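Peer 1: Predicted model follows, preceded by the sequence.
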Amino acid sequence: MDALEVRNLHVAYDRKAVLEQVDMTIPKESLTAIVGPNGAGKSTLIKAVLGMLKRSSGEISILGKPYNPKNRIVGYVPQRGSVDWDFPTNALDVILMGRYGHIGWFKRPSKQDIAMAKEALQKLGMEEYADRQIRQLSGGQQQRVFLARALVQDAEVYFMDEPFVGVDAKTEKAIIDLLRELKQKGKTVIVVHHDLQTVPEYFDHTLLLNRTVIANGPTEEVFTKELLQKTYGGTLAFFTAPGEQRSG
């Protein structure tokens, strides 16, 4: 059984195709990068899979079943820029929102829920900011709070939309350490990623996307200069594939 299976997915905005004939599978217990140029449909793919965007056609299954947001098997970390950070709440309360699928929206978090939220803060080096208003946090700190919220969901499959964008080196290390820990626990993590240089180091599976699937498989097999050139076309520059040396 694969973590994610997508068949014949088409998505359009105002009748303009954004994704066409997307067929793909993502194996369980993998760290997968979704890679492609701007406008390739990477974020659209995640949102279509999660039912946040209407699809023209396509069949989607997660862990062998049609996706149902009520079954709590999926965790989602959106792009930081899409979040209203002026909402008046603190870091701990944001993380506790990740437990609402388990406890319900109208019940108070238990001591165990609060302990899980504090543990997630600690894992990401944010325990001292538990009572800090989220609008007062730096960009990297905000991102770590959202990752902690996903962590306490205790999902089986995690979707993350560019979690490394705009963060400092300390936060980037905290994020990749967390992703590796999730994989070790048998979870599947699917990440929209923009930094080609770190793909071979961070991810064991890669999906190359440009409106349709260019390649999908183990990173060591699909992350080649030829397939990247096919994915990015003339926009791919100053990139050295693993094992190669820059000329000049």
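Peer 2: Alright, I've got the coordinates. Numbers count the residues shown, from 1 in each chain.
Peer 1: what about the longest helix in the protein?
Peer 2: When the chain is parsed with DSSP state H, its longest helix is helix 169-184.
Peer 1: Dump the C-alpha coordinates for that one into CSV.
Peer 2: Extracted in CSV, the C-alpha atoms of helix 169-184 (Å, rounded to 0.1, in the frame of the first residue of the first chain):
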residue,chain,number,x,y,z
ALA,A,169,19.9,27.9,9.6
LYS,A,170,18.9,27.0,13.1
THR,A,171,15.3,26.6,12.1
GLU,A,172,16.1,24.7,9.0
LYS,A,173,18.1,22.2,11.0
ALA,A,174,15.2,21.9,13.5
ILE,A,175,12.8,21.2,10.7
ILE,A,176,14.8,18.6,8.9
ASP,A,177,15.6,16.8,12.2
LEU,A,178,11.8,16.7,12.9
LEU,A,179,11.1,15.3,9.4
ARG,A,180,13.7,12.6,9.9
GLU,A,181,12.2,11.7,13.3
LEU,A,182,8.7,11.4,11.8
LYS,A,183,10.1,9.1,9.1
GLN,A,184,11.8,6.9,11.7
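Peer 1: ok, and what's touching it?
Peer 2: With CB atoms under 8 Å, 6 or more residues apart in numbering as the test, helix 169-184 has contacts from 29-31, 123-125, 140-141, 143-144, 147, 151, 158, 163-164, 167, 189, 191, 202. From N, CA and C alone the C-beta is placed, and that goes for glycine too.
Peer 1: So which bits of that helix are buried?
Peer 2: Buried residues in helix 169-184, counted by 16 or more other CB atoms under 10 Å: Thr171, Glu172, Ala174, Ile175, Ile176, Leu178, Leu179, Leu182, Lys183.
Peer 1: so how far is that helix from its chain's centroid?
Peer 2: How far helix 169-184 lies from its chain's middle: 12 Å, per CA atoms, centre = their mean, to the nearest Å.
Peer 1: what do you get for stretch 190-200?
Peer 2: Distance, centroid of stretch 190-200 to centroid of chain: 11 Å (CA atoms, centre = their mean).
Peer 1: Can you give the contact residues for it?
Peer 2: Contacts for stretch 190-200 (CB under 8 Å, 6+ apart): 3-4, 26, 31-35, 42-43, 46, 157-165, 179, 202-203, 206, 219-220, 223, 228, 239, 242.
Peer 1: State the helix or strand in which Ile114 lies.
Peer 2: Using DSSP states H and E, Ile114 sits within helix 111-123.
Peer 1: now the angle from that helix to helix 169-184?
Peer 2: 130 degrees (axes from the mean of the first three to the mean of the last three CA atoms, to 10 degrees).
Peer 1: re the thing from before, filter the contacts of helix 169-184 down to the ones in strands?
Peer 2: When the contacts of helix 169-184 are checked against strands (DSSP state E), the matches are Leu31, Tyr158, Val189, Val191.
Peer 1: out of the residues you listed, what pair is the most spread apart?
Peer 2: Leu31 and Tyr158 (9.9 Å; CB to CB).
Peer 1: Show me what the spatially most central residue of the chain is bridged to.
Peer 2: With distances taken as CA atoms, centre = their mean, the residue of the chain nearest its centroid is Met160 (1.4 Å). With DSSP bridges as the criterion, Met160 is bridged to Val77, Val191.
Peer 1: Next one: it from His193, what distance?
Peer 2: Using CB to CB, to the nearest Å, one gets 9 Å for the distance from Met160 to His193.
Peer 1: Check Glu128 too.
Peer 2: Counting by CB to CB, the gap from Glu128 to His193 is 29 Å.
Peer 1: cool, Asp113 as well?
Peer 2: 31 Å.
Peer 1: now, which of the contacts of stretch 190-200 lie within helices?
Peer 2: Lys42, Ser43, Ile46, Leu179, Tyr202, Thr219, Glu220, Leu228.
Peer 1: Show me the two of those residues that sit farthest apart.
Peer 2: Ser43 and Glu220 (25.8 Å).
Peer 1: So which of the two has more stuff around it?
Peer 2: Remark: of Ser43 and Glu220, Ser43 carries more neighbours, 18 against 12, as counted by other CB atoms under 10 Å.
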